[in-house]
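predicted model and sequence follow; I will ask about them next.
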Amino acid sequence: MANFEEFGKTVDEEMKKLKAFFEAEVKPSAKRGTLDALRAASARLTELADDLERRFKDSAEKPE
């Protein structure tokens, strides 16, 4: 029974290390990647909106 108990404690300790690593390294990196992707998408959406606005303005100014 002592070996099983030690095994359980070891697993618990390793899980704590894994959680700490995930919290310190993986989450911040994923958040940075998400922020960069959102900023890129935002910039692209601004470009698309500007293009649509320009097209609308050009079509409104053309006489039929």
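Arrived safely. Numbering: from 1, shown residues only.

can you give me the pLDDT of residue 1?
Looking at residue 1, its pLDDT is 56.

now swap in residue 63 and tell me
Taking residue 63 on its own, its pLDDT is 67.

swap in residue 8?
91.

what strand or helix carries it?
According to DSSP states H and E, residue 8 maps onto helix 2-21.

equivalent analysis for residue 41, please.
Going by DSSP H and E, residue 41 is in helix 27-61.

look up how far residue 36 lies from residue 16.
Residue 16 is 30 Å from residue 36, where distance means C-beta to C-beta, to the nearest Å. For the C-beta atoms, the positions are set from N, CA and C on the backbone; glycine is no exception.

show me the shaky parts of this protein.
The model of the chain has pLDDT under 70 over residues 1, 63-64.

how near is the spatially most central residue of it to residue 60?
Centroid-nearest residue in the chain: residue 34, 2.1 Å away (criterion: C-alpha atoms, centre = their mean). Distance of residue 34 to residue 60, computed by C-beta to C-beta: 38 Å.

swap in residue 46?
21 Å.

can you list contacts of the helix holding residue 8?
By C-beta atoms under 8 Å, 6 or more residues apart in numbering, no residue outside helix 2-21 reaches it.

buried residues in that helix?
By 16 or more other C-beta atoms under 10 Å, helix 2-21 has no buried positions at all.

please compute how far it lies from its chain's middle.
30 Å (C-alpha atoms, centre = their mean, to the nearest Å).

relative to helix 27-61, how tilted is that helix?
40 degrees (axes from the mean of the first three to the mean of the last three C-alpha atoms, to 10 degrees).

what about residue 57, how many residues close to it?
9 (other C-beta atoms under 10 Å).

next: residue 35.
10.
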